[in-house]
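**Q** Generate a structure from the sequence data that follows.
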Amino acid sequence: MRAAVFAFSRQGLRTARRVRAALAEAGDGCRLFAPERLAEEGLEAISPPLADFTAPLFREMDALIFISSCGIAVRAIAPHVRDKRTDPAVVAADERARFVIPLLSGHIGGANALAERLAEALGAAAAVTTATDVNGRFSVDAWAAERGLAISDMQAAKAVSAAILEGPVPLMSDFPVAGGLPPGLTYGETGPVGVRLSCRRGSPFARTLTLTPRVVRLGIGCRRGAEAGAIGRLADQVLQEHDILPAAVRAVGTIDLKKDEPGLLAFCRERGWPLEWYTAEELRQVSGTFTPSEFVRRVTGVDNVCERAALAGGGETLIIKKTARDGVTVAAAVEKYEVRFNG
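**A** Take a look at the predicted model:
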């Protein structure tokens, strides 16, 4: 985690150093800011106006921590607040370290968890105010963020959080669930609002919140000079025909002969998917039944690139066999995945 800590008085600076020490102990990076009149070694000077000064930090940091009144913190961040999916965690603590208050991005951004963590380190009280936490109910967006799950619809997430306060919300999962369900969830397949854990398209509830783990690995082969557009069109077609959500894709695999292929690199860069590559020998070691090609064997040294590459990085089951078009081949595998609500 990258954090920016702001202090505005000598006492506040002492508390800020305690915060920095607590973050450093956990291996988190921290930058400490204070007005120029408090300038000391290791501090970065705040230049007014504060809202302008915090603008780049709001975009760059994972957390902003104000050792100040809530009012100062709110005025500093107000012009920059955009979306709970991308806004950083914002926390305020009084300069005597009695209370730590999450102000923004309590769940997805992790401000609630950060406030509780800092409160424990400082001997303070965490003043968490989000309804699900206050009522001891399951917080679906916080859990999804902790597990790295893609959230299909933030409005649906809000609807789930509201419904959980009134009674259990049904859950469907395409993956095995280890252990029991948390308070607020129950197994079910119908209802006005519900949660679905899946890497495929679908909406079993009147209003469905789909949470998607990144467990699909694409394997891609292509001829020399294949364009990013051609690769993208086939990949999109394959995913759509098999109802696979793009959010489920974890990485793209290929043979090392293609690791510098401009079109493939551009395609992965546009989608934000990491590209992994394997030698022909590594691909040959992948076990399974594959769609062989003598031409591919002569060129690459292995009978199939896309299917083997989809499995090589950790895929457990091949869910999409080789599909070819315009000099591009695509396959997909899914990793083993287990849902855990605790631990």
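
**Q** Give the burial count for the residue nearest to Ala7 when sequence neighbours are not counted, as a bare number.
**A** Distances taken as C-beta to C-beta, 6 or more residues apart in numbering place Ala16 nearest to Ala7, at 3.9 Å, with adjacent residues excluded. Glycine gets a C-beta too; all of them are placed from N, C-alpha and C. The burial metric for Ala16, expressed as a neighbour count using other C-beta atoms under 10 Å, is 27.

**Q** cool, and Ala21?
**A** If you count neighbours by other C-beta under 10 Å, Ala21 ends up with 11.

**Q** State the next helix or strand along the chain beyond the helix or strand hosting it.
**A** Assessed by DSSP states H and E, Ala21 sits inside helix 10-25. Where DSSP H and E defines the elements, the next helix or strand beyond helix 10-25 is strand 29-35.

**Q** For the helix or strand following that following strand, which helices and strands make contact with it?
**A** Proceeding N to C from strand 29-35, the next assigned helix or strand is strand 44-46, under DSSP H and E. The contact analysis (3 or more C-beta pairs under 8 Å, 6 or more residues apart in numbering; DSSP states H and E) places strand 44-46 against strand 29-35.

**Q** Go through stretch 283-296 and flag the buried ones.
**A** Across stretch 283-296, burial judged by 16 or more other C-beta atoms under 10 Å covers 283, 286, 290, 293, 296.

**Q** Please enumerate residues in contact with the one helix or strand the last one maps to?
**A** Spelled out, that is Val296. When elements are assigned from DSSP H and E, Val296 belongs to helix 294-300. Applying C-beta atoms under 8 Å, 6 or more residues apart in numbering, the external contacts of helix 294-300 come out as 221, 255, 257, 280, 302-305.

**Q** and whatever helix or strand comes next after it, average pLDDT?
**A** Moving toward the C-terminus from helix 294-300, the first helix or strand encountered (DSSP H and E) is helix 306-312. pLDDT averaged over helix 306-312 equals 96, rounded to a whole number.

**Q** for this structure, what spans make up the helices?
**A** For the chain, the helices defined by DSSP state H cover 10-25, 50-60, 70-77, 111-122, 131-134, 140-147, 154-166, 228-241, 262-271, 280-284, 294-300, 306-312.

**Q** who wins for proximity to Glu95 among those helices?
**A** Taking C-beta to C-beta as the criterion, Glu95 comes closest to helix 10-25 out of the helices of the chain, the separation being 3.8 Å.
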